[in-house]
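[1] curious how this folds, go ahead:
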Amino acid sequence: MGKGRYLLKRLVYIVFVFFIISILMFAIYKAMPGDPVEIMLGDSKTTMKPDAYQALYDKTVISLGLDKPLPVQYVVWMGNMLTGNFGYSTQYKQAVINIIGAPMANTVLLNVLTMVVVFAIAIPLGIVTAVRKNGIFDKSVQVLTIVGYSLPQFIVALLAIFLLAVKFPIFPISGVQSAGLNATGLEWFLDRAWHMVLPVLVMAVSGIGGITRYVRAAMIDVLRMDYIKTARAKGLREKVVVYIHAFRNALIPIVTITTWWVIGLFGGSIVIESVFLWPGLGKMLIDGLLQRDFAVVLTMQMFYVVLSLAGNVIMDVAYTIVDPRVRLEN
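    Numbers count the residues shown, from 1 in each chain. Have a look, this model is predicted:
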């Protein structure tokens, strides 16, 4: 009952915050300069007679519901959003719902693969550096992680492109597959993986630096605890002490930073997708802003809002998984 009541409260909180942010986003969209109808009609103003253009303009205003008061427009927009109608893209000349499928799949694929790489490297590396604290290996890793964590992603991206795509042309600079490739099966998979190496590498650099440092700090704090000394005094193997007793109790601070890193990862991929011309949600968002395609922009922004709100609940639930002493009752 305690967990159910807590999750219900969190759900109500998420819904409330979602609607508040949606109102703010809608207000910002409406405050932006420019006429969305003129943007949607494109060059029609120069190719049509004034009377015909005005008639088309008025018809478009009515069809988009822009003749209604702003509160009514918000209610209609939110109702459509909740039912899967994300509006009409002036850039792609079709419904937004029809164009976000492939970019979303590309973004999810890129971010999930980055998470796998980061966790596979950062967690073991953080544990080893904590166990070998102040050794040569630890100090070397600390220097590298500080550099990786501190460098902006676009700088890392430019360095990676110069070294691995220009100076030594090992990987392609951009895109998701080779031009003119008409392959399936293993050949298609290997070509896609080949194009993903640089974006994943760049996105993983800062993640590995940050997560490694947090894992190391959490493990060092736990390894100082009395129960760890007791476990060692009882003759338990060092691997059992480190990986079962110590790491399990170091997971709570790691879960916190990891959850927010995952949320930030999706937002950070906007830069990487633009640099590497990776056709994901991030590149679509940037293109939508440049082309003033507000239906696409609002849809992408609300996606990131939902992702952030869901991350909070996932983090709370993860606490109870890694530490049964935590109770979700308040």
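[2] for the helix of greatest length in the chain, packing partners?
    Assignment by DSSP state H gives helix 185-223 as the longest helix of the chain. Secondary-structure packing of helix 185-223 (3 or more Cβ pairs under 8 Å, 6 or more residues apart in numbering; DSSP states H and E): helix 101-131, helix 136-150, helix 153-161, helix 247-249, helix 251-275. Backbone N, C-alpha and C define where each C-beta goes, glycine included.
[3] could you dump those into CSV and include mean pLDDT and distance to Gly79?
    Output for the helices and strands packed on helix 185-223, formatted as CSV (pLDDT from 0 to 100; distance: least, Cβ to Cβ, whole Å):
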stretch, mean pLDDT, distance to Gly79
helix 101-131, 88, 22
helix 136-150, 89, 43
helix 153-161, 88, 37
helix 247-249, 76, 46
helix 251-275, 74, 26
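[4] tabulate these in JSON lines, adding columns for distance to Leu281 and mean neighbour count.
    Converted to JSON lines, the helices and strands packed on helix 185-223 look like this (distance: least, Cβ to Cβ, whole Å; neighbours: other Cβ atoms under 10 Å):
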{"stretch": "helix 101-131", "distance to Leu281": "4", "mean neighbour count": "18"}
{"stretch": "helix 136-150", "distance to Leu281": "25", "mean neighbour count": "14"}
{"stretch": "helix 153-161", "distance to Leu281": "16", "mean neighbour count": "17"}
{"stretch": "helix 247-249", "distance to Leu281": "34", "mean neighbour count": "17"}
{"stretch": "helix 251-275", "distance to Leu281": "8", "mean neighbour count": "19"}
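[5] still on that earlier bit, off-centre distance for the longest helix of the chain?
    14 Å (Cα atoms, centre = their mean, to the nearest Å).
[6] equivalent analysis for stretch 282-289, please.
    14 Å.
[7] same question, stretch 146-155
    So, by Cα atoms, centre = their mean, the centroid of stretch 146-155 is 18 Å from its chain's centroid.
[8] need the residues that contact that stretch.
    With Cβ atoms under 8 Å, 6 or more residues apart in numbering as the contact definition, stretch 146-155 has outside contacts at 156, 202-203, 205-206, 208-210, 213, 268, 271-272, 275.
[9] do the same with stretch 198-210
    Contact partners of stretch 198-210, identified using Cβ under 8 Å, 6+ apart, comprise 110-111, 113-115, 117-118, 121-122, 125, 144-151, 153, 156-157, 160-161, 164-165, 171-173, 257, 261, 265, 268-269, 272-273, 275-276, 278.
[10] do the same with stretch 283-292
    Contact with stretch 283-292 is made by 32, 34, 36, 39, 89-91, 99-100, 103, 270, 273-274, 277, 293-294, 296-297, 300-301, as judged by Cβ under 8 Å, 6+ apart.
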